[in-house]
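A.B. asks: Need the 3D shape of this:
(chains A and B)
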Amino acid sequence: MTETDLRTLGGSAGPGGGADGTSDMVVIENAVKHFLLPRRAFRRTRDHVHSVDGVSLRIGAGEVLGLVGESGSGKSTLARVLLHLAPADAGRVVVDGMDVRKLRGAESKRLRRTAQLVFQDPHAAMDPRMTIGESLSAVLAQHRMGTAEERRKKVEDGLREVGLDESYVDRYPAECSGGQLQRVVIARALLLGPKLLVCDEPTSALDASVQAKVLNLLSRLRREHHLTMLMISHDLRVVRLISDRVAVMYLGQVVEIADRDQLFDAATHPYTLALLDAATPKRPGSEPTVAARGEPPSPIHPPEGCRFRTRCPLATERCRTQMPPLQAVAPGHEVRCHRWDEARAALVGEGGLVGEGES
Amino acid sequence: MAALLEIDRLTVTFGGASPVLDGVSLGIAEGEVLALVGESGSGKSMTALSIMRLLPEGARMDAAAVRLGETDLVAASEGQMNSVRGGQASMLFQQPKRALDPTATVGSQIGEPLRKHLGMSRSAARRRVVELLHDVGVDEPERRARSYPHQLSGGLAQRVMIAAAMAAQPRLLIADEPTTALDVTVEAQILALIAQKKAELGMSVLFISHDLGVVASIADRIAVMYAGRIVEQGPTAEILDAPSHPYTQALILCSSLRPDESGELYVIPDGAGLERVSSGGCRFQSRCHRAVEAHVEHHCASREPELVAAPGGTSGHDTRCWAASTMRESA
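C.D. replies: The predicted model follows:
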């Protein structure tokens, strides 16, 4: 089945191609999203959480961009900004030629058909009181697609495509394991024939064997549907598997972005190097290594200057006062660090990092 | 080495259902770190809770013996157990903020075992709390002692839990997925801290994790659980480099996230799931492809294998698999 069927049912998905006459599916320019905190007693001003603070990214049509960062780095907020679930405060966000900050009414429905989201916790993403069939049909009904009969058929086809038989149509979410339900969520996301799939930690809640299964499924679906993807994960290995390019976020900013192999073999930002080190399989009996000091500061009051400097082993006076710009250090490789040219030599031990010594 | 903790044929049942733990036996030597590894639902946490006698209501625990040092934990009264918990044995949890009392300051929670188990005065306890917080790498320990749990980040809360766990200088630390909820850079710090505290105090650690990568650097030995049973155990390097049980092999393969030539990741075949219903055969049988290859499938279907010395392994490397001996050559 599938792709053609989905497209026909998906209706006229609008102009193909991408934004700005190029082949970019996603263009984000200087996106800013601050969340206002509740007013506190005896304070005149209200604090902001600087979740996304001037992020610019492009994702080409058919490309998979991996987005890595720790909790509070703003990666999930960026996903929500992209899908207009948390409208950006400033900047430009374009998905498949649509300026999502200007969408109204029927146009926002077109965004929903174009871009879909897969969440971390599949149990939280499904209505526990609806059968899987009801939940999935509702998506189609919302977009006025097909008769009840056609919808049921399409839901069954969609479930089959993710490896679940039609018996799942009448099951409730509670009757499914996490891995099965994540496949249901993926099937739901694909029902409308989207071009862009945003996956927010899609396998973090799953056991190792189930994680492998879901990742295999995502790779296959990506190929078969020519999907553009934003793959958000804190797990570098997951991102490495499935991404063409990788961006690393820290406290609301992109600190490094490069082609996958360039990032894994030649990262130069101290934070990326710390993440890579943490993800390196340790040898039995080896001492646990600690590559970044302390914990991420609060995104309410990010440090002046370079935001990573409070944890960075290479920080200098200049890092304290001057925020480094995101600068190109190689074709397609940008880094936000004053000392990027020394970082690798200074921080990579003889043990090497992820990826070295492997294929 | 003398075993500090000894568990002999521990079985836990809820109502009439098949047991969640079925004849689990393990020992931890003085100063040793044993990692208990397995997927969700395999029985890792139930094992930990059994040791502390903190099983949920409705659970029935049977064991030939559960012994910590000189204390018989099966026969111990509730009063004796209270002096074991937080005294001889302490526990870390996956969600440190949920394990801490939200209505009490950090200092009073760390101080509690000091006063209760060591009989310290209030002011002596207060001084010691600051030392303990300092020892686990908390900045400004005096100020932090006056904080409430909601004012802490996840990593800081786990440090506080470790300080509280170390307060009465336990002989056994049970760490149940202590870094799973933390960011990777913080996870590395907490692992290093646990390793450091273990070395300083010479305590034993039962380290529970679903992540083989995490335990590699910290464990002396690994025990792998599947469907309420230990299916393999042995020295860390041997388990990771030369696993004998097909489930351990499969777990290592799919944890590595390395695609094969066709770009696919290894996936453990679907079977009847975490099957505890004993049809009499091996519990992993429905997902195992080794049985047929080794021509022992009649054994696998009819009788559950015993946990016996792994062929070719060093002493202390045990496996529960009929095919293990023939598998070695074919692997």
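
A.B. asks: So which bits of the stretch 1-150 of chain A are right by chain B?
C.D. replies: A:70-71 (Cβ under 8 Å from any Cβ of the partner chain). No exception for glycine: its C-beta is placed from N, CA and C like everyone else's.

A.B. asks: how far is stretch A:154-163 from where the chain is centred?
C.D. replies: Mean C-alpha position of stretch A:154-163 versus that of the full chain (Cα atoms, centre = their mean, to the nearest Å) differs by 24 Å.

A.B. asks: pLDDT score assigned to the residue lying closest to B:Asp270 once chain neighbours are set aside?
C.D. replies: Counting by Cβ to Cβ, 6 or more residues apart in numbering or on different chains, B:Asp270 lies nearest to B:Arg287, which is 6.9 Å off, once chain neighbours are set aside. pLDDT for B:Arg287: 85.

A.B. asks: For B:Arg287, the count of nearby residues, please.
C.D. replies: Using other Cβ atoms under 10 Å in any protein chain shown, B:Arg287 has 19 other residues around it.

A.B. asks: Can you name the residues in contact with stretch B:238-249?
C.D. replies: Outside stretch B:238-249, the residues that touch it by Cβ atoms under 8 Å, 6 or more residues apart in numbering or on different chains are A:284, B:212, B:216, B:221-222, B:224, B:226, B:231-234, B:252, B:268, B:284, B:287-290, B:310-314, B:317, B:319-321, B:323-324, B:327-328, B:331.

A.B. asks: need the helices for the stretch 1-150 of chain A, in chain order.
C.D. replies: Using DSSP state H, counting those that start in this stretch, the helices of the stretch 1-150 of chain A run over A:3-10, A:75-82, A:106-114, A:122-125, A:132-142, A:148-161.

A.B. asks: my bad, the stretch 201-331 of chain B
C.D. replies: Counting by DSSP H, counting those that start in this stretch, the helices of the stretch 201-331 of chain B are B:212-216, B:236-241, B:246-255, B:290-293, B:297-302, B:324-330.

A.B. asks: Include mean pLDDT when you put those into JSON lines, please.
C.D. replies: Output for the helices of the stretch 201-331 of chain B, formatted as JSON lines (pLDDT from 0 to 100):
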{"stretch": "helix B:212-216", "mean pLDDT": "87"}
{"stretch": "helix B:236-241", "mean pLDDT": "94"}
{"stretch": "helix B:246-255", "mean pLDDT": "91"}
{"stretch": "helix B:290-293", "mean pLDDT": "74"}
{"stretch": "helix B:297-302", "mean pLDDT": "81"}
{"stretch": "helix B:324-330", "mean pLDDT": "55"}
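
A.B. asks: With mean neighbour count as extra columns, can I get those in TSV?
C.D. replies: Formatted as TSV, those follow (neighbours: other Cβ atoms under 10 Å in any protein chain shown):
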stretch	mean neighbour count
helix B:212-216	22
helix B:236-241	20
helix B:246-255	22
helix B:290-293	18
helix B:297-302	16
helix B:324-330	16
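
A.B. asks: right, so of those helices, which gets closest to A:Leu191?
C.D. replies: With Cβ to Cβ, the closest approach to A:Leu191 among the helices of the stretch 201-331 of chain B belongs to helix B:246-255: 28.7 Å.

A.B. asks: Centre of the chain to that closest one, how far?
C.D. replies: 18 Å.

A.B. asks: can you check stretch B:230-248 too?
C.D. replies: For stretch B:230-248 - counting by Cα atoms, centre = their mean - the centre lies 15 Å from the chain centre.

A.B. asks: ok, A:Ser73 touching A:Met249?
C.D. replies: Yes: contact status for A:Ser73 versus A:Met249: in contact at 4.3 Å, counting by Cβ atoms under 8 Å.

A.B. asks: residue farthest from the centroid of chain A?
C.D. replies: Computed with Cα atoms, centre = their mean, the residue of chain A farthest from its C-alpha average is A:Phe42, at 38.5 Å.

A.B. asks: In contact with it: list those residues for me.
C.D. replies: Contacts of A:Phe42 (Cβ under 8 Å, 6+ apart): none.

A.B. asks: So for it, what's the pLDDT?
C.D. replies: 77.

A.B. asks: Tell me the spacing between it and A:Ser298.
C.D. replies: Distance of A:Phe42 to A:Ser298, computed by Cβ to Cβ, to the nearest Å: 20 Å.

A.B. asks: One more: B:Pro102?
C.D. replies: B:Pro102 is 20 Å from A:Ser298, by Cβ to Cβ.

A.B. asks: Between these two, which has more neighbouring residues?
C.D. replies: A:Ser298 (14 against 9).

A.B. asks: and the nearest residue to the more buried one once chain neighbours are set aside, what does it touch?
C.D. replies: Ranked by Cβ to Cβ, 6+ apart and with sequence neighbours excluded, the top spatial neighbour of A:Ser298 is A:Gly72, at 7.7 Å. Contact analysis of A:Gly72 by Cβ under 8 Å, 6+ apart lists A:251, A:296, A:298-299.

A.B. asks: do A:Glu70 as well
C.D. replies: A:234, A:250, A:296, B:183-186 are the contacts of A:Glu70 under Cβ under 8 Å, 6+ apart.

A.B. asks: May I see the residues you listed arranged in JSON lines, with pLDDT as well?
C.D. replies: Listed next are those as JSON lines, based on pLDDT from 0 to 100:
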{"residue": "A:His234", "pLDDT": "88"}
{"residue": "A:Tyr250", "pLDDT": "95"}
{"residue": "A:Pro296", "pLDDT": "84"}
{"residue": "B:Asp183", "pLDDT": "85"}
{"residue": "B:Val184", "pLDDT": "85"}
{"residue": "B:Thr185", "pLDDT": "85"}
{"residue": "B:Val186", "pLDDT": "87"}
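
A.B. asks: Which of the residues you listed ranks first by neighbour count?
C.D. replies: A:Tyr250 (27 neighbours).

A.B. asks: give me phi/psi at it?
C.D. replies: In terms of degrees, to the nearest 10, the main-chain angles of A:Tyr250 are phi -140, psi 120.

A.B. asks: what do you get for the one 4 residues further on?
C.D. replies: Phi and psi for A:Val254, reported as degrees, to the nearest 10, are phi -80, psi 120.

A.B. asks: what's the neighbour count on it?
C.D. replies: 26.

A.B. asks: try the one 5 residues further on
C.D. replies: With neighbours defined by other Cβ under 10 Å, the count for A:Asp259 comes to 17.

A.B. asks: and it, what does it touch?
C.D. replies: With contact set as Cβ under 8 Å, 6+ apart, A:Asp259 has these partners: A:244-246, A:332-333.

A.B. asks: Okay, it and A:Leu65: tell me how far apart.
C.D. replies: A:Asp259 is 11 Å from A:Leu65, by Cβ to Cβ.

A.B. asks: what's the answer for B:Ala48, then?
C.D. replies: B:Ala48 sits 40 Å away from A:Leu65, taking Cβ to Cβ as the criterion.

A.B. asks: what's the answer for A:Val94, then?
C.D. replies: 15 Å.

A.B. asks: between those two, which one's more packed in?
C.D. replies: Taking neighbours as other Cβ under 10 Å, A:Val94 and A:Leu65 compare with A:Leu65 leading, 24 against 21.
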